[in-house]
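**Q** Okay, structure incoming, though there's no sequence with it:
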C-alpha cells in the first residue's frame, strides 16, 4: 500500500469518528463496579492513569476511606478478609492495519488481544493484581502482570511488590500507553542476551519522602524475562537460567506542581552459551548496564515525557572474543487533552529512537495518534507511524474496550 492510499484510508476512517458516539454510556470494569465510580475517576482515558489512579494502585487497589466491613467476608475470623464479590474484568483490543513495504499490506487483527483481569484487597494494606492473556495475536499469551502488593508497611510510606512486573515500570508503564506503537527501547534485547526492560520476576520496593517530593524505587529480578520453568538434574524446577540476579534503582524528584525528573540505574550479569562453538558449547558472561535520566512536565492538558537511556553489554554474543556493545535510546511522548480529564479526544505524539553499535538493533520512528472516547470504557484510535529507519508507513484503526 503506497503512502497516498494510506493517507486516504486514514482520512476516511477519521471522517467516521463523529458518527460513532452515543449520547452517554457508563464504564463498568472491575474497580468501577466495586466502588460504583466512573472509570474517569482513575483514567484519562483508560488505561492511562491520573494521579488518583496512581494513588489507588499504590494503595493496593483499594480506597481506604471507602472500605466497609460489609464488603468483606470474615466468617468470624479476625485474620480472614475475603472480598464479598470477586473483582474481574475483560479487555478486548482489535486493530485494522494498513502498511506499505510488506507483502501483506492490510490486515484485520480482530481480536489483537483479549485479557482477563482481576485485582483487589487480600487484607488490610495488602492487595493483589494480575491479568491473563487469553488471546494475544492469535496465541495464548499467559500471565503477564501478577503480584502481591504490601502497602504502608509498619505505617511508613514503604511498599513492597512481589511477583511479575515490568522493570521499565519505574520509567513509564508500557501497558498504559495510548498508542499501538510501543516504547521500543524497553523491548530491545541485544544479541543473544535474554535481558531487556519488560517482564521479569522479582521484588520491587518503593519509598516516598513526602517532605522533599522524592520517590525511591529499588528492585531485584531474575534478569531473564518470564520463560517457562525448566527441570534441573535434581528434579527441581527453576525460572532463572543462572545464579545471577539483576538490580535496579530509580530516583524521582518532584520539581514543583507540574514537573519532575529522575534517574534510572540497572545492573546485572547473565551466562550464555556460544552456540557456534560446536557440540560442546562453553558458557560466557555478559554484564548489562542500563542507565539514564528522564524528565516530565504537564498540567493535565499537555503532558510531556522525555527519556534517554544507555545500555552497555560486555559480551552479548557469548563468544570467547568478547565485544562491548553500546546501545542508546530516546523515548519522547506528548499527550494533548483539550479538556483535560473531561476530554473525549486525545492526541498523542511519540518518538522512538535506538542507536546501537550493532546496527540490526537500530530503530527510529514518529507516531501520531488520535483517541476518541465513545464511552468511558470504549475508545477508537487512529494512528500513523513513519518508520524513519526503513522509510515505511503504517496506519492503524483500532477499537479498545474494557468491561
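**A** Yes, it's here. These numbers come from a predicted model, not from an experiment.
**Q** just the helices in the stretch 101-250 of the chain please.
**A** In the stretch 101-250 of the chain, the helices defined using DSSP state H, counting those that start in this stretch lie at 184-187.
**Q** Can you list the low-confidence ranges for it?
**A** Within the stretch 101-250 of the chain, the set of residues satisfying pLDDT under 70 is empty.
**Q** Which helix or strand contains residue 55?
**A** According to DSSP states H and E, residue 55 maps onto helix 51-58.
**Q** Next secondary structure after that helix?
**A** Tracing the chain past helix 51-58, the next element assigned as helix or strand by DSSP H and E is strand 72-73.
**Q** State the paired neighbours of that next one in the sheet, together with their directions.
**A** strand 82-83 (antiparallel) (DSSP bridges).
**Q** how about residue 304, phi and psi?
**A** According to degrees, to the nearest 10, the main-chain angles of residue 304 amount to phi -120, psi 130.
**Q** Run a quick neighbour tally on the closest residue to it other than its chain neighbours.
**A** Spatial nearest neighbour of residue 304, chain neighbours left out: residue 334 (4.9 Å); criterion: CB to CB, 6 or more residues apart in numbering. All C-beta atoms are positioned from the backbone trio N, CA, C, and that covers glycine. Using other CB atoms under 10 Å, residue 334 has 15 other residues around it.
**Q** tell me what the longest strand anywhere in the chain is packed against?
**A** For the chain, the longest strand by residue count, based on DSSP state E, is strand 106-123. Applying 3 or more CB pairs under 8 Å, 6 or more residues apart in numbering; DSSP states H and E, one finds that strand 106-123 contacts helix 30-35, strand 89-99, strand 126-136.
**Q** List the buried residues of it.
**A** Buried residues in strand 106-123, counted by 16 or more other CB atoms under 10 Å: 109, 111-115, 117-122.
**Q** And for it, what's in contact with it?
**A** 1, 29-31, 34, 60-62, 67, 72, 81, 83, 86-99, 127-137, 141, 148, 398 (CB atoms under 8 Å, 6 or more residues apart in numbering).
**Q** Against residue 331, how distant is the residue most central in space within the chain?
**A** Nearest residue to the geometric centre of the chain (CA atoms, centre = their mean): residue 174, 2.3 Å. In this view, residue 174 and residue 331 are 10 Å apart by CB to CB, to the nearest Å.
**Q** joint contacts of the two?
**A** With CB under 8 Å, 6+ apart, residue 174 and residue 331 have common neighbours residue 183.
**Q** List the contacts of residue 268.
**A** By CB under 8 Å, 6+ apart, the neighbours of residue 268 are 195, 223, 244-247, 287-288.
**Q** Format the helices and strands packed on strand 106-123 as TSV; extra columns: mean neighbour count and distance to residue 315.
**A** Shown next, in TSV, are the helices and strands packed on strand 106-123 (neighbours: other CB atoms under 10 Å; distance: least, CB to CB, whole Å):
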stretch	mean neighbour count	distance to residue 315
helix 30-35	20	45
strand 89-99	18	36
strand 126-136	17	32
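**Q** surely the residue nearest to the centre of the chain meets residue 182?
**A** Yes: in terms of CB atoms under 8 Å, residue 174 counts as a neighbour of residue 182; the distance is 6.5 Å.
**Q** what pairs with residue 365 across the strands?
**A** Bridge pairing for residue 365 - DSSP bridges - gives residue 352, residue 387.
**Q** so who does it touch?
**A** Residue 365 makes contact with 181, 184, 350-353, 385-389, according to CB under 8 Å, 6+ apart.
**Q** Same question for residue 179.
**A** Applying CB under 8 Å, 6+ apart, the residues near residue 179 are 348, 350, 367, 369, 381, 383.
**Q** do residue 369 as well
**A** With contact taken as CB under 8 Å, 6+ apart, residue 369 is in contact with 178-181, 347-350, 381-384.
**Q** Please report how far the closest residue to residue 125 other than its chain neighbours lies from residue 338.
**A** Spatially, and ignoring its direct neighbours in sequence, residue 125 is nearest to residue 151 (4.5 Å; CB to CB, 6+ apart). Per CB to CB, residue 151 is found 35 Å from residue 338.
**Q** wait, doesn't residue 335 sit right on residue 348?
**A** Yes: the criterion here is CB under 8 Å, and residue 335 meets it with residue 348 at 5.2 Å.
**Q** shared neighbours of those two, anything?
**A** residue 178.
**Q** returning to what we had before: what residues are up against the residue nearest to the centre of the chain?
**A** Per CB under 8 Å, 6+ apart, neighbours of residue 174: 166, 168, 182-183, 186, 198.
**Q** re earlier: and the furthest pair within the contacts of residue 365?
**A** Spatial extent of the contacts of residue 365 (CB to CB) is set by the pair 350 and 389 at 15.1 Å.
**Q** what about those two, which has more around it?
**A** More crowded of residue 350 and residue 389, by other CB under 10 Å: residue 350, with 24 against 14.
**Q** so what does the helix or strand containing that one touch, helix or strand wise?
**A** Using DSSP H and E, residue 350 sits within strand 345-356. Secondary-structure packing of strand 345-356 (3+ CB pairs under 8 Å, 6+ apart): helix 184-187, strand 325-336, strand 363-375.
**Q** where's that strand relative to the chain centroid, distance-wise?
**A** Strand 345-356 sits 15 Å away from the centroid of its parent chain (CA atoms, centre = their mean, to the nearest Å).
**Q** relative to strand 363-375, how tilted is it?
**A** 160 degrees (axes from the mean of the first three to the mean of the last three CA atoms, to 10 degrees).
**Q** any idea of the mean pLDDT in strand 345-356?
**A** Strand 345-356 shows a mean pLDDT of 98.
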